[in-house]
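>>> Provide a 3D model corresponding to the input given below.
(chains A and B)
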Amino acid sequence: MMENNNVIEVKELTKMFGDFTAVSAITFEVKQGEIFGFLGANGAGKTTAMKMLIGISKPTAGDARVAGFDVASEAENIKKNIGYMSQKFALYDDLTVKENITFFGGIYGLTRAKIKEKTRELTEELGLKDLTDQMVGSLPLGWKQKIAFSVSLLHEPKIVFLDEPTGGVDPITRRQFWEMIYKSANKGTTIFVTTHYMDEAEYCDRVSIMVNGKIEALDSPKKLKEQYGAETMNDVFLKLARG
Amino acid sequence: MSIVVSNISKSYKTVKALKNISFEVNEGELFGLIGPDGAGKTTLFRVLTTLLIADEGKATVAGYDLLKDYKTIRESVGYMPGRFSLYQDLTVEENLKFFATIFGTTIAENYDLIKDIYVQIEPFKTRRAGKLSGGMKQKLALSCALIHKPKVLFLDEPTTGVDPVSRKEFWEMIKRLQQKGITILVSTPYMDEAALCDRIALIQDGTILQIDTPEAIIKHYPKAIYNVSADNMYQLIESLKAYEHSHSVYPFGEFVHYTDKRTGFDPKQLKKYLEEKKLAGISIEITQPTIEDAFMELAI
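Got it, this is the predicted structure:
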């Protein structure tokens, strides 16, 4: 069991590829309902760390518990209790919106009745009613990403991992996407998100910045700005990210 | 004029990728095409580099006609596509040599132009391009696009998916190339990069929304923008959206950017409304619009 209300607890988590240390003894916690920004330059080790947290890569050393389960020995349980979406892969382009929902609902073991209910709920909420029979491939990127986010929440996970969910998305849709994030967090879902948009870093409750495999800074955006004497998170990032 | 585009349209089956696009780029100018995925930026680049033929309209690049003089255009422009398009199984040096040879030149002949960029990847010159990191691939691609000393350089989303530090470095490289007299057309989905261009075109759904200097676009923003903050961001956004006088409500970093429908807007009234909605720690201050605000106002 986890103490207090932490849904992610990471202790000295390390990943090595040969003699290269991709993630070097990182330690942090994320609380229930928190929006946690996981930032870092390309190659800083974000993706490797995230892969360990979602149970698809074994740590070389250290511990991590996600949604109450150990990442090394209970990876399958983690997969059932988290949602995941990335910029690169989210939905099947050659399935319709409805088919994607049915497919992912099925994967997560939802009953047929539940899938039906969720499909209705989701399409209503996103204003997609007329588009349910459209191929996902024919929709604008912003729409896809909003649907993908909703799909990642189908099984009502405790935590959802978002890997650069808004890359290339237009500014209005990008904001609608963040409003969806706020809404989920407000309902108690924990959001673990990576982004290259530094204004989005400001939307997070707390932000960590990885540099060369280590977490170099972790605090609320406000405190980080104070600490580094910076006006914006972009300035904080520029000061930190190249050591 | 280095680039003159007149009424260009291009469709793929049922999708209208470009709708009657016109603009001009001056010689030596750094011109930005700013817009999200699917706006038509890549299609426009492919038309202007003679890789696609437009359905309608015409254009000249470096003074040459797209259709009649396509071969001369190909010799006169450098093109760095959004997707990494070098030979993955050739080494860094082999790639550069290959592109130099294709264009009938040598690395030595134009080394001055690429020196600043190439020295950063030179320690890895025997490494295969496919094995390079993202940042190094980008530098190699730029070196290859420059090796024949083009008059006009096309950079299609060179900084997409790149972290803020590498983005900054890349823009410094672009600025140095501009100082060497090269005309540059660059596209980006990052609105904050717009300020680094001489002039920009805001583009969405195949249509140009506005063309001007970044300063003028901000100056012409039609409304007063307020930074609003409170203790609960989600409640704040919901409350502002529900406010009968709200014109636009967009989260912007730690604030919400708010504009009001009325001309005589009194922040005190809004504060009172938000307090009634049980929000605490309310702050409302006037602020400067950004390019992103301008884009969203035009895109609605």
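>>> after the longest helix anywhere in chain A comes which helix or strand?
Across chain A, the longest stretch assigned as helix under DSSP state H is helix A:171-186. Using DSSP states H and E, the helix or strand that follows helix A:171-186 in sequence is strand A:190-194.
>>> pretty sure B:H245 is touching B:T259, no?
No. At 9.9 Å, B:H245 does not count as touching B:T259 under the criterion of C-beta atoms under 8 Å. Every residue, glycine included, has its C-beta placed from N, CA and C.
>>> chain A contacts on the stretch 1-150 of chain B?
Contact residues, the stretch 1-150 of chain B versus chain A (C-beta under 8 Å from any C-beta of the partner chain): B:G35, B:P36, B:D37, B:G38, B:A39, B:S133, B:G134, B:G135.
>>> wait, doesn't the third one sit right on A:T173?
What it means is B:D37. No. The pair B:D37 / A:T173 is not scored as a contact, 9.9 Å apart, by C-beta under 8 Å.
>>> which neighbours do the two share?
Counting by C-beta atoms under 8 Å, 6 or more residues apart in numbering or on different chains, the contacts common to B:D37 and A:T173 are A:P140.
>>> send the alpha carbons of the helix or strand hosting A:V151 over as PDB?
Remark: A:V151 resides in helix A:141-152, with elements defined by DSSP H and E. The C-alpha trace of helix A:141-152 is given here as PDB (Å, rounded to 0.1, in the frame of the first residue of the first chain):
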ATOM      1  CA  LEU A 141      -4.800  16.200 -35.700                       C
ATOM      2  CA  GLY A 142      -6.300  18.200 -32.900                       C
ATOM      3  CA  TRP A 143      -9.500  16.100 -33.000                       C
ATOM      4  CA  LYS A 144      -7.600  12.900 -33.000                       C
ATOM      5  CA  GLN A 145      -5.600  14.000 -30.000                       C
ATOM      6  CA  LYS A 146      -8.800  14.900 -28.100                       C
ATOM      7  CA  ILE A 147     -10.400  11.600 -28.900                       C
ATOM      8  CA  ALA A 148      -7.200   9.700 -28.000                       C
ATOM      9  CA  PHE A 149      -7.100  11.400 -24.600                       C
ATOM     10  CA  SER A 150     -10.700  10.400 -24.000                       C
ATOM     11  CA  VAL A 151      -9.900   6.900 -25.100                       C
ATOM     12  CA  SER A 152      -7.000   6.700 -22.700                       C
END
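>>> quick check: angle from that helix to strand A:190-194?
140 degrees (axes from the mean of the first three to the mean of the last three C-alpha atoms, to 10 degrees).
>>> wait, does the helix or strand that helix A:141-152 is followed by contact chain B?
If you walk from helix A:141-152 toward the C-terminus, the next helix or strand you reach (DSSP H and E) is strand A:159-163. No. Strand A:159-163 does not reach chain B (C-beta under 8 Å from any C-beta); its nearest approach is 11.3 Å.
>>> make sure B:A195 is indeed in a strand.
No. The assignment for B:A195 (DSSP: H, G, I helix; E, B strand; the rest coil) gives helix, which keeps it out of a strand.
>>> and the gap between it and chain A?
12 Å (C-beta to the nearest C-beta, to the nearest Å).
>>> contact partners for the closest residue to that residue other than its chain neighbours?
Closest residue to B:A195 apart from its sequence neighbours, by C-beta to C-beta, 6 or more residues apart in numbering or on different chains: B:P214 at 4.8 Å. Contact analysis of B:P214 by C-beta under 8 Å, 6+ apart lists B:A194, B:A195, B:C197, B:R199, B:I200, B:I291.
>>> chain A: which of these is nearest?
B:I291 (9.4 Å; C-beta to the nearest C-beta).
>>> okay but that closest one is in contact with B:L196, surely?
No. Counting by C-beta under 8 Å, B:I291 sits too far from B:L196 to count as a contact (10.7 Å).
>>> give me the more crowded residue out of those two.
B:I291 (23 against 19; other C-beta atoms under 10 Å in any protein chain shown).
>>> now the helices for chain B?
B:41-48, B:70-76, B:92-102, B:111-118, B:134-146, B:164-179, B:214-219, B:233-242, B:267-276, B:291-299.
>>> what pLDDT does the model give B:F154?
pLDDT for B:F154: 98.
>>> who does it bridge with?
Beta-bridge pairing of B:F154 under DSSP bridges involves B:Y79, B:L185.
>>> and for B:R128?
Here B:R128, judged by DSSP bridges, has bridge partners B:T91.
>>> pull the contacting residues for it.
Applying C-beta under 8 Å, 6+ apart, we find B:R128 in contact with B:Q88, B:D89, B:L90, B:T91.
>>> just the CA coordinates for the helix or strand hosting A:M16, please, in CSV.
Applying DSSP H and E as the criterion places A:M16 in strand A:6-17. Coordinates of each C-alpha in strand A:6-17 appear next as CSV, following Å, rounded to 0.1, in the frame of the first residue of the first chain:
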residue,chain,number,x,y,z
ASN,A,6,0.8,9.3,-3.7
VAL,A,7,-0.1,7.5,-6.8
ILE,A,8,3.5,7.4,-8.1
GLU,A,9,6.5,6.8,-5.9
VAL,A,10,9.9,6.7,-7.5
LYS,A,11,13.0,5.9,-5.6
GLU,A,12,16.5,5.9,-7.1
LEU,A,13,15.1,4.6,-10.3
THR,A,14,17.9,3.9,-12.8
LYS,A,15,18.2,2.5,-16.3
MET,A,16,21.4,1.6,-18.1
PHE,A,17,22.0,0.6,-21.7
